[in-house]
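Predicted model follows, preceded by the sequence.
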Amino acid sequence: MEIIVNLDVMMAMRKVSSKELAKAIGITEANLSLLKRGKVKGVRFETLAAICNYLECQPGDILAFKAD
């Protein structure tokens, strides 16, 4: 089982750069990069809400579950 992070896809659809999104939601570009690559163990609901608010999307647009 794994969680697939489609944040880069949503950012491309909205034409938003990593620098712009990181600044808007108050995290570093390095942390945003780790999140985009799925290299984090968790994400705060506050951060997820800020991303969704900025990108005008739903959490399911960014995260997907893949069963083995």
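Received the coordinates, thanks.

Please count neighbours and contacts with C-alpha atoms only from this point.
Will do.

which parts of the lengthiest helix in the chain are buried?
Assignment by DSSP state H gives helix 45-55 as the longest helix of the chain. By neighbour count with 16 or more other CA atoms under 10 Å, helix 45-55 contains the buried residues 48, 49, 50, 51, 52, 55.

Need the residues that contact that helix.
With CA atoms under 8 Å, 6 or more residues apart in numbering as the test, helix 45-55 has contacts from 10, 11, 14, 21, 24, 25, 58, 59.

what about the third one, neighbour count?
Okay, so that is residue 14. Residue neighbour count, defined by other CA atoms under 10 Å, stands at 13 for residue 14.

returning to that earlier point: TSV for the contacts of helix 45-55, including distance to residue 41?
Listed next are these as TSV, based on distance: CA to CA, whole Å:
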residue	distance to residue 41
10	21
11	21
14	26
21	20
24	22
25	19
58	20
59	17
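
where do the helices sit along this structure?
Under DSSP H, the chain gives helices at 7-14, 18-25, 29-36, 45-55, 59-62.

mind giving me JSON lines with the ones you listed and columns for distance to residue 1 and mean pLDDT?
Shown next, in JSON lines, are the helices of the chain (distance: least, CA to CA, whole Å; pLDDT from 0 to 100):
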{"stretch": "helix 7-14", "distance to residue 1": "19", "mean pLDDT": "97"}
{"stretch": "helix 18-25", "distance to residue 1": "27", "mean pLDDT": "97"}
{"stretch": "helix 29-36", "distance to residue 1": "18", "mean pLDDT": "96"}
{"stretch": "helix 45-55", "distance to residue 1": "21", "mean pLDDT": "98"}
{"stretch": "helix 59-62", "distance to residue 1": "16", "mean pLDDT": "96"}
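
Could I get these in CSV, plus columns for distance to residue 68?
Converted to CSV, the helices of the chain look like this (distance: least, CA to CA, whole Å):
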stretch, distance to residue 68
helix 7-14, 22
helix 18-25, 30
helix 29-36, 21
helix 45-55, 25
helix 59-62, 19
